[in-house]
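In: Give me coordinates for this.
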Amino acid sequence: MKNTLLALTFISLTGCTVYVPMQSSMPLLERQGQLEVAASMNPSVLVETVGAYSPLPHVVVTGAGKVGLNTGGGHYIRNRQGELGMGGYWNIGENWLLNATAGGGYATTNRQDSFLGGGHMQGQYSKLFGQIGAACELPFSTYSLTYRVDHASFSKLMSSGQPVSNIDNYRHQLVLNNRRRLGQNESWYLQSSIGLSSSNLDSPDYSNQNETLDDQWSTTGIPAVILSIGVVWQPQWPLQ
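Out: Residues are numbered from 1 along each chain as shown. Just a heads-up that it's a prediction; the model follows:
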């Protein structure tokens, strides 16, 4: 188990593209007036905050931001991104919750990768996204599974100081999330997530050298493992 976690951590640090996936765990709101705020961190020292609020029955609005902390050394990700979304939620029986959200955002990335011969990459992209999720509440925790698709329009792509042709790319990700109460407190929760983000781009055919396609794959197409842990605050009183 320890070796598996170390391997996943290594992959998450070396799945190196200008595109940086958001965590995309679904909000667990069930009625009008509910609010939740979450903060999490992944092994690459990327900090993500997410807020969700239900202003009307079955309606949710969301906002999220992500920032990469500069820890120095030969491997870093300086990422800044934000997004806004709106959607709906539906209770299915006593223990199941469905959610669907759509929205858009913008991101900029400056990263240096020292593993496996990686280099310096820079880029910006706007994105439109849609996601659907289902959650099951168990006696001691809640599990949710979320599928998300991003349409990312890249601009100003650079790899090792050289420009890369701009590209539109679809990214698909599937995330399993677990949320459990912290002690006896009914407003604070521990949350962990694991998932995978992949691209619609084909991996390079190294028998047929194409520098443009190789650069587009290395800067925007490589799959990335999603790992994070954080806390959630969901007050138990409805906000009117």
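In: Where does the prediction get shaky in the chain?
Out: Low-confidence segments of the chain (pLDDT under 70): 1-15, 70-74, 114-118, 204-212, 237-240.
In: Tell me which stretches of it form helices.
Out: With helices called from DSSP state H, the chain shows them at 2-14, 211-216.
In: Show me the strands in this structure, by range?
Out: For the chain, the strands defined by DSSP state E cover 35-41, 46-56, 59-68, 76-92, 96-112, 120-137, 141-159, 162-164, 168-181, 188-199, 224-233.
In: For Trp217, which of those strands is the nearest?
Out: strand 188-199 (8.0 Å; C-beta to C-beta). In short, each C-beta sits where N, CA and C put it, glycine included.
In: and that closest one, what other elements does it pack with?
Out: Helices and strands touching strand 188-199, by 3 or more C-beta pairs under 8 Å, 6 or more residues apart in numbering; DSSP states H and E, are strand 35-41, strand 168-181, strand 224-233.
In: Point out the most buried one among the ones you listed.
Out: When you average the neighbours per residue for each of those (mean count of other C-beta atoms under 10 Å), strand 224-233 leads with a mean of 19.
In: Export the strands of the chain to TSV and append columns for distance to Asp214.
Out: Listed next are the strands of the chain as TSV, based on distance: least, C-beta to C-beta, whole Å:
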stretch	distance to Asp214
strand 35-41	32
strand 46-56	26
strand 59-68	25
strand 76-92	21
strand 96-112	18
strand 120-137	13
strand 141-159	10
strand 162-164	10
strand 168-181	15
strand 188-199	14
strand 224-233	18
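In: Apart from its chain neighbours, what residue comes closest to Asn95?
Out: Take Asn95 and drop its neighbours on the chain: the residue closest to it by C-beta to C-beta, 6 or more residues apart in numbering is Glu137, 4.8 Å away.
In: do Ala102 as well
Out: Spatial nearest neighbour of Ala102, excluding adjacent residues (C-beta to C-beta, 6+ apart): Gly130 at 4.4 Å.
In: and that neighbour, what are its bridge partners?
Out: With DSSP bridges applied, Gly130 shows beta-bridge pairing to Ala102, Val149.
In: How about the contacts made by it?
Out: By C-beta atoms under 8 Å, 6 or more residues apart in numbering, the residues touching Gly130 are 100-102, 148-149.
In: buried subset of those residues?
Out: Buried members of the contacts of Gly130, scored by 16 or more other C-beta atoms under 10 Å, are 101, 148.
In: tally of neighbours for the closest residue in space to Leu201 that isn't next to it in sequence?
Out: Closest residue to Leu201 apart from its sequence neighbours, by C-beta to C-beta, 6+ apart: Gly221 at 3.7 Å. The local packing of Gly221 (other C-beta atoms under 10 Å) involves 22 other residues.
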